[in-house]
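*Asks:* The amino acid sequence is not available; the structure is as follows:
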């Protein structure tokens, strides 16, 4: 890969995740402070991510893979997305905001696959080259958080009182427009499917990979992946509002610690696989969710603030050791015939079905523990997902019993 192409792909990844990190982290607090949304209304807004994940395979399979270059579709989606972001910036009620965020997520979720497609199309050795390109996506997410907290001060006490958090949508919209225009200058990535070739619905949704569920161990992992998304949804939906409401300064910037952790622990996955095997690695990821939420439940913005920071820093263990490890395990069990279908099925099950259930549960729990003065009993809100994560941990430890060697999982990946 030449230097020009590497720079273009790195910039693409940076902007892709800068856009997402610009507004999604602070979304819960924005809905509460700017739009006075209830827990159920907040859950509905966050669930648009799941609907986007469910619909994304159709956009990729029916359009991107058949008719148009991936980089051109990427450009169109981000330009339209910039318009929707501007409408979200102007919205003053949840009922007005919701249709725009739903439309946006339906358009944005497919771009996560498109940027990967554009990148892989330019690589001779994806295993060595992709991580260095994807790394800039994590940097983009971190920079977005630092800008919100330390450059613009939108999530400061004064910023929240003044309603400045809505500016995150304007920032995301500008970045989306830039990436949309830049996409037309990206390397050409033509359709994968030849003209006239038929695509089955089962191919698009990865349903052919359902045969993998005949393997008892894979079925246990599959069900566990859906269930662990319930506590994951609590973090996405409630972490920022929680930190803001208890008086943590610059919460968005501090939450960027989680992305730094994610990048670091990503490098440790091969070490854990070889030393402890897949089961232990994924169990560590599961128990980390329970520990993280226990830290959130008993920490505070004062003398126990270190507990909150440790909880944020555990994001790398929580996410990488379960979800990234799970993707590698799925790849190893799928075989050449079902590799793409299996990854599509896992994505549909987790970010689609699992997160959809999780956001709904998180909204119900948050509403249930809202006090008479309008505040929230955050201790109970965090103890419940900690308990859910612990139950999933116990179920997986008892019923998953894959005896394959750790090296075979890595080799297949």
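*Replies:* Great, that's in hand. Not measured: the values here are computed from a predicted model.
*Asks:* Domain boundaries for the chain, per the record?
*Replies:* Under the assignment automatic domain parsing, the domains of the chain span 1-188, 202-413.
*Asks:* between these, which gets the lowest average pLDDT?
*Replies:* Note on the domains of the chain: domain 202-413 shows the lowest mean pLDDT, a mean of 88.
*Asks:* Tell me how far that domain lies from the chain's centre.
*Replies:* 10 Å (Cα atoms, centre = their mean, to the nearest Å).
*Asks:* Need the domains of the chain in CSV (columns: mean neighbour count).
*Replies:* In this view, the C-beta of every residue, glycine as well, is placed from N, C-alpha and C. Converted to CSV, the domains of the chain look like this (neighbours: other Cβ atoms under 10 Å):
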stretch, mean neighbour count
domain 1-188, 20
domain 202-413, 19
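*Asks:* ok, residue 83 to residue 323 distance?
*Replies:* Going from residue 83 to residue 323 by Cβ to Cβ, to the nearest Å gives 32 Å.
*Asks:* repeat for residue 244
*Replies:* Distance from residue 244 to residue 323, by Cβ to Cβ: 26 Å.
*Asks:* Residue 313 - nearest residue in space that isn't next to it in sequence?
*Replies:* Spatially, and ignoring its direct neighbours in sequence, residue 313 is nearest to residue 261 (4.9 Å; Cβ to Cβ, 6 or more residues apart in numbering).
*Asks:* cool, and residue 83?
*Replies:* residue 173 (7.8 Å).
*Asks:* Residue 139: what's it in contact with?
*Replies:* Neighbouring residues of residue 139 by Cβ atoms under 8 Å, 6 or more residues apart in numbering: residue 14.
*Asks:* let me fix that: residue 69
*Replies:* Residues near residue 69 by Cβ under 8 Å, 6+ apart: 188, 189, 190, 191.
*Asks:* Identify the residue nearest the residue nearest the centre of the chain in space, chain neighbours excluded?
*Replies:* Note on the chain: the residue nearest the mean C-alpha position is residue 351, at 7.7 Å, using Cα atoms, centre = their mean. Among residues not flanking residue 351 along the chain, residue 53 sits closest, at 3.9 Å (Cβ to Cβ, 6+ apart).
*Asks:* which residues touch the one you found?
*Replies:* 109, 347, 348, 351, 352, 355.
*Asks:* Ok, residue 59 next?
*Replies:* 106, 110 are the contacts of residue 59 under Cβ under 8 Å, 6+ apart.
*Asks:* which element is it on?
*Replies:* helix 39-59 (DSSP states H and E).
*Asks:* now that helix: how far from the chain's centre is it?
*Replies:* 12 Å.
*Asks:* pretty sure residue 34 is touching residue 166, no?
*Replies:* Yes: when contacts are counted by Cβ atoms under 8 Å, residue 34 is listed as touching residue 166 (5.7 Å).
*Asks:* Excluding chain neighbours, give the residue nearest to residue 13 in space.
*Replies:* Nearest-residue entry for residue 13: residue 137, 4.1 Å, with adjacent residues in sequence omitted and distances by Cβ to Cβ, 6+ apart.
*Asks:* measure that neighbour to residue 331 for me?
*Replies:* On the measure of Cβ to Cβ, residue 137 and residue 331 end up 20 Å apart.
*Asks:* and what of residue 355?
*Replies:* Using Cβ to Cβ, we find residue 355 at a distance of 21 Å from residue 331.
*Asks:* what's the answer for residue 19, then?
*Replies:* Computed as Cβ to Cβ, the residue 19 to residue 331 distance reads 28 Å.
*Asks:* ok, now residue 128?
*Replies:* To residue 331, residue 128 is 17 Å away according to Cβ to Cβ.
*Asks:* wouldn't residue 86 be in contact with residue 171 here?
*Replies:* No: applying Cβ under 8 Å as the test, residue 86 and residue 171 come out as separate, 11.3 Å apart.
*Asks:* Can you name every helix or strand that the helix or strand hosting residue 16 contacts?
*Replies:* Assigned by DSSP H and E, residue 16 belongs to helix 3-23. Applying 3 or more Cβ pairs under 8 Å, 6 or more residues apart in numbering; DSSP states H and E, we find helix 3-23 packed against helix 70-90, helix 94-120, helix 126-146, helix 167-183.
*Asks:* Could you look up the next helix or strand downstream of that helix?
*Replies:* Following helix 3-23 in sequence order, the next helix or strand is helix 27-33 (DSSP H and E).
*Asks:* how far out from the middle of the chain is that following helix?
*Replies:* 18 Å.
*Asks:* next helix or strand past the helix or strand hosting residue 290?
*Replies:* Secondary structure assignment for residue 290, by DSSP H and E: helix 269-298. Using DSSP H and E, the helix or strand that follows helix 269-298 in sequence is helix 305-313.
*Asks:* Can you name the residues that contact residue 363?
*Replies:* Contacts of residue 363 (Cβ under 8 Å, 6+ apart): 38, 39, 40, 41, 42, 43, 44, 46, 237.
*Asks:* contacting residues around the closest residue to the fourth one other than its chain neighbours?
*Replies:* Closest residue to residue 41 apart from its sequence neighbours, by Cβ to Cβ, 6+ apart: residue 94 at 4.9 Å. Contacts here follow Cβ under 8 Å, 6+ apart; on that basis residue 94 touches 31, 35, 37, 41, 45.
*Asks:* Nice, that's everything, thank you.
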